[in-house]
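In: sequence first, then the predicted structure:
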Amino acid sequence: MTISTQPLFIRDGHSVVNASTATSLTHNGDFTLLLDSKCNKVAYISGDSASAVFEKAKKVVRANTKYALKLENGGFIDARIIATAFVSPKTSNLVIVGINDRPLCVFDANEFSDLTGLTEVILDGLVSVSEGDSMPTIDWSAYKH
């Protein structure tokens, strides 16, 4: 389970959700998504507040040190909620899909000069986690244009 330093309540319409229960945190510029250990949505924030919520969540929600695929922007995906990772034959993008059959993260082929290398590092990292090792830290700049 993710260890958090404090609760983080996020307003969701006429209610609040405790985002500190999340084990995965992603942000793509348009929205911030927090998922729990079963790949269920804890919070989905879109619009003007998405970036601010992401920055706040990065300070409160902690990645699991063994299982987190740490993303370039400071977000992370818990490997235990990943169902598959593959390069899409249609888009050439690297897609990580959750156990809920929805994309968790898409790495755009146009943003990476070595998407093949990045794919191999992520796939090898996921296999190493299944063998009891920790998810390796990725040097994102080595794969960017």
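Out: Thanks, I have it.
In: now the strands for the chain?
Out: Shown for the chain, the strands assigned by DSSP state E span residues 9-12, 15-18, 24-27, 31-35, 41-46, 68-70, 76-78, 82-87, 94-98, 103-107.
In: Serialize those strands to TSV and add fields for distance to residue 116, mean pLDDT and mean neighbour count.
Out: Where you see a C-beta, it was placed from the backbone N, CA and C, and this is true even at glycine. TSV is the format used below for the strands of the chain (distance: least, C-beta to C-beta, whole Å; pLDDT from 0 to 100; neighbours: other C-beta atoms under 10 Å):
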stretch	distance to residue 116	mean pLDDT	mean neighbour count
strand 9-12	37	83	14
strand 15-18	38	88	13
strand 24-27	23	96	26
strand 31-35	27	95	23
strand 41-46	31	92	18
strand 68-70	18	97	21
strand 76-78	20	97	25
strand 82-87	8	96	16
strand 94-98	9	97	19
strand 103-107	11	95	19
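In: wait, which of these is closest to residue 142?
Out: strand 103-107 (13.5 Å; C-beta to C-beta).
In: run a quick neighbour tally on residue 61.
Out: A count of nearby residues for residue 61, using other C-beta atoms under 10 Å, gives 23.
In: surely it touches residue 27?
Out: No. Look at residue 61 against residue 27 with C-beta atoms under 8 Å: they stay out of range, at 11.8 Å.
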